[in-house]
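Novice: I'll drop the sequence and a predicted model, then ask my questions.
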Amino acid sequence: MFEQTFKNIDDILHKDAGCVSELDYTEQSSWLLFLKYLDALELAKADEAALEGRPYEFILAPEFRWSQWAAPKDAQGRIDHNKALAGDDLRDFVNQKLFPYLAGFKQRASGPNTIEYKIGEVFGEIKNKIQSGYNLRDVLDLMDELRFRSQTETHELSHLYEAKIKNMGNAGRNGGEYYTPRPLIRAMIKVLDPKIGERIYDGACGSAGFLCEAFDYLRPQATKAQDLKTLQTATFYGKEKKSLAYVIAIMNMILHGIEAPNILHTNTLGENLNDIQDKDRYDIVLANPPFGGKERKEVQQNFPIKTGETAFLFMQHFIKTLKAGGRAAIVIKNTFLSNTDKASTRIRKLLLESCNLHTVLDCPSGTFLGAGVKTVVLFFEKGAPTREVWFYQLDPGRNMGKTNPLNDEDLGEFIELQKTFADSGKSWSVDAANIDSATFDLSVRNPNGGDEVVLRTPQEIFDEISALDAESAEVLAAIRGLFA
């Protein structure tokens, strides 16, 4: 229905000098889609109020509504190009009037959970990068074709938007930062099996993939009006540090059906663990925190176990934010299971002693496109120490990549065996009493004939880097010789 419209918008953005990558295309589509959605939401609420015989107060002033500046219509309902701004006039209006007006909502809003606050937050973080007002005019004409009137239309838009996020994730080395494979997320949610009334949290929410999939999982369970209200306002919570990811998360959740997402734009790790109280804790934590990042010394001071590794700080945060009896599923690089540094050992000890780490899912290479590390998923419940850890070594039977991504069928056996922690050629259990009490090593070692995951030493990695550098130097020297 709308797929060609999205493609046409991307084609125009591709030609614009201000948009140079998939990240730009998604960002610019996001703010335009947000305003188009807001216009549809306001019109729907105004119609509802009229039917009930009560007044409706629009959020936006008349001149800043979509129907005024973006898509004024003639008597036949077509865009009136005699009234519609274009060229420099359109670009200047957007940059000098529209964005400052919208950004001001953050100060004028009654609270952070309102749609007004989200408007201010979104437009305080991004800017219009479409340099040509004529390109912007063409994009607006296409964007105006999108409709949010029916559930079918909104469902298709959410799928198309997810595809844009996936393409953005595939565009660079940091793909996993924006996109966690949806089949993996769905498997994690099925294992945790959340219920309506439980609070679900992702402190590194990226594009909000975990929260959106959790909403899709719970939505069929909502049989009463109160259930829907609970899902809308008191179930899904997220935090995101990066501006672009924050904007995409807001738009993604809106398209999935949550009008005012509880997403905060903040550095989660800037919060001192000692300040977390019972009211700040959650029933379920789902997350794929960034790994490989380094945090400053002042941020590390917020944690009892000091480390510069971002993912390891997040692990401490997630354990702390879980309620007693709370459940978590966390994606983390597999070296966490065996690193011998003091911080890694202490965090594994904390995890095993304060939580029941009941399941470790070992993911194959290629699970995350653009990420050069292997990952595992840790499933645990807070409040009782670990007695036994069940391992499952995922093997789809093929090399995974952009043309062979992870799918739901790949994880079917894992989900089924995990229910009873059954042994198989790919799964086995380790008694906590047999885990080394000095190192708390949790390395994936399949006793059923599977290959042990052998982690290379730092020296081996440096040697390979040196060899690759030497090869590159030889190739460059040969190329220079051609032009000598």
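Specialist: Okay, I see it.

Novice: gap between residue 430 and residue 357?
Specialist: Counting by C-beta to C-beta, to the nearest Å, the separation of residue 430 from residue 357 is 10 Å. Quick note: C-beta positions are derived from backbone N, CA and C, even for glycine.

Novice: Mutual contacts of the two, please.
Specialist: The contact sets of residue 430 and residue 357 overlap at residue 389 (C-beta atoms under 8 Å, 6 or more residues apart in numbering).

Novice: between the two, which one's more packed in?
Specialist: residue 357 (24 against 17; other C-beta atoms under 10 Å).

Novice: List the contacts of that one.
Specialist: 351, 378-380, 386, 389, 442.

Novice: Strands - which of those land there?
Specialist: Per DSSP state E, strands hold the following members of the contacts of residue 357: 378-380, 389.

Novice: Isn't residue 300 up against residue 308?
Specialist: Yes. With contact defined as C-beta atoms under 8 Å, residue 300 reaches residue 308; the gap is 6.7 Å.

Novice: So for those two, which sits in the more crowded spot?
Specialist: residue 300 (17 against 14).

Novice: State the distance from the more buried one to residue 390.
Specialist: Applying C-beta to C-beta to residue 300 and residue 390 gives a distance of 33 Å.

Novice: before we move on, what about residue 36?
Specialist: From residue 36 to residue 390 the distance is 47 Å (C-beta to C-beta).

Novice: quick one: least confident helix or strand in the chain?
Specialist: The helix or strand of the chain with the poorest confidence is helix 175-178; it has a mean of 48 (mean pLDDT, DSSP states H and E).

Novice: Point out where this protein drops to low pLDDT.
Specialist: 1, 169-178, 370-372, 449-484 (pLDDT under 70).

Novice: Could you tell me which strands the longest strand anywhere in it is paired with, and in which direction each runs?
Specialist: Secondary structure of the chain per DSSP E: the longest strand is strand 322-333. Strand 322-333 has the following strand partners under DSSP bridges: strand 282-287 (parallel), strand 375-382 (antiparallel).

Novice: nearest to residue 264, of these?
Specialist: strand 282-287 (13.6 Å; C-beta to C-beta).

Novice: Only alpha carbons, please: show the following helix or strand past that closest one as PDB.
Specialist: Downstream of strand 282-287, the first helix or strand assigned by DSSP states H and E is helix 297-300. Output of helix 297-300 as PDB, limited to C-alpha atoms (Å, rounded to 0.1, in the frame of the first residue of the first chain):
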ATOM      1  CA  LYS A 297      35.900   7.700  35.200                       C
ATOM      2  CA  GLU A 298      33.200  10.000  36.700                       C
ATOM      3  CA  VAL A 299      30.500   7.700  35.200                       C
ATOM      4  CA  GLN A 300      32.200   4.600  36.600                       C
END
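
Novice: Residues in contact with helix 297-300: which ones?
Specialist: Outside helix 297-300, the residues touching it (C-beta under 8 Å, 6+ apart) are 267, 269-270, 306-308, 313.

Novice: quick one: terminal-to-terminal distance for stretch 439-447?
Specialist: End-to-end distance for stretch 439-447, by C-alpha to C-alpha, to the nearest Å: 20 Å.

Novice: which residues sit against that stretch?
Specialist: 334, 337-338, 340, 345, 348-349, 352, 357, 360, 362, 376, 389, 391, 393, 426, 428, 435, 452-453, 455.

Novice: With stretch 4-15 instead?
Specialist: 19, 24-25, 28-29, 130, 135, 138-139, 142-143, 145-146, 160, 164.

Novice: cool, stretch 69-85 as well?
Specialist: Taking C-beta under 8 Å, 6+ apart as the rule, stretch 69-85 contacts 35-36, 63, 67, 90, 93, 98, 133, 137, 140-141, 143-144.

Novice: from those residues, which single one is nearest residue 419?
Specialist: residue 36 (43.3 Å).

Novice: now that closest one, nearest residue through space, not along the chain?
Specialist: residue 143 (5.5 Å; C-beta to C-beta, 6 or more residues apart in numbering).

Novice: do the same with residue 108
Specialist: Of all residues beyond its chain neighbours, the one nearest residue 108 is residue 116 (6.7 Å), with distances taken as C-beta to C-beta, 6+ apart.

Novice: Just say helix, strand or coil for the one you found.
Specialist: Each residue gets one of three states, and residue 116 gets helix by DSSP: H, G, I helix; E, B strand; the rest coil.

Novice: Could you chop this structure up by domain?
Specialist: Domains of the chain are assigned by automatic domain parsing as 3-149, 173-453, 458-484.

Novice: Compute the first-to-last residue distance for the first one.
Specialist: Domain 3-149 has an end-to-end distance of 17 Å (criterion: C-alpha to C-alpha).

Novice: gap between residue 253 and residue 158?
Specialist: For residue 253, the distance to residue 158 - C-beta to C-beta - is 10 Å.

Novice: which of these two has more neighbours?
Specialist: residue 253 (25 against 19).

Novice: so when I look at that one, I'm seeing a helix, right?
Specialist: Yes. Judged by three-state DSSP, residue 253 forms part of a helix.

Novice: residue contacts, it?
Specialist: 208, 211-212, 215, 236, 261, 263.

Novice: In helices, which of those appear?
Specialist: 211-212, 215 (DSSP state H).

Novice: just those residues now: which is nearest residue 3?
Specialist: Distances from residue 3 to the ones in helices among the contacts of residue 253, taken by C-beta to C-beta, are shortest for residue 212, at 19.4 Å.

Novice: beta partners of the closest residue to residue 382 other than its chain neighbours?
Specialist: Nearest residue to residue 382, sequence neighbours excluded (C-beta to C-beta, 6+ apart): residue 322, at 4.2 Å. Residue 322 has the following beta-bridge partners by DSSP bridges: residue 282.

Novice: Go ahead and confirm residue 322 touches residue 278.
Specialist: No. Assessed by C-beta under 8 Å, residue 322 is found out of contact with residue 278, at 11.3 Å.

Novice: more crowded one of the two?
Specialist: Taking other C-beta under 10 Å, residue 322 and residue 278 do not tie; residue 322 has more neighbours (23 against 7).

Novice: Over to residue 355: give its phi and psi.
Specialist: phi -140, psi 160 (degrees, to the nearest 10).

Novice: contacting residues for the closest residue to it other than its chain neighbours?
Specialist: Residue nearest to residue 355 in three dimensions, not counting chain neighbours: residue 380, with 4.2 Å by C-beta to C-beta, 6+ apart. Applying C-beta under 8 Å, 6+ apart to residue 380 gives the contacts 327-328, 351, 355-359, 386.

Novice: Swap in 6 Å and give it another go.
Specialist: Neighbour list for residue 380: 328, 355-357 [criterion: C-beta atoms under 6 Å, 6 or more residues apart in numbering].

Novice: and residue 335, what are its phi and psi?
Specialist: Residue 335 adopts backbone torsions of phi -70, psi -20, taken as degrees, to the nearest 10.

Novice: Residue 201 too?
Specialist: phi -130, psi 140.
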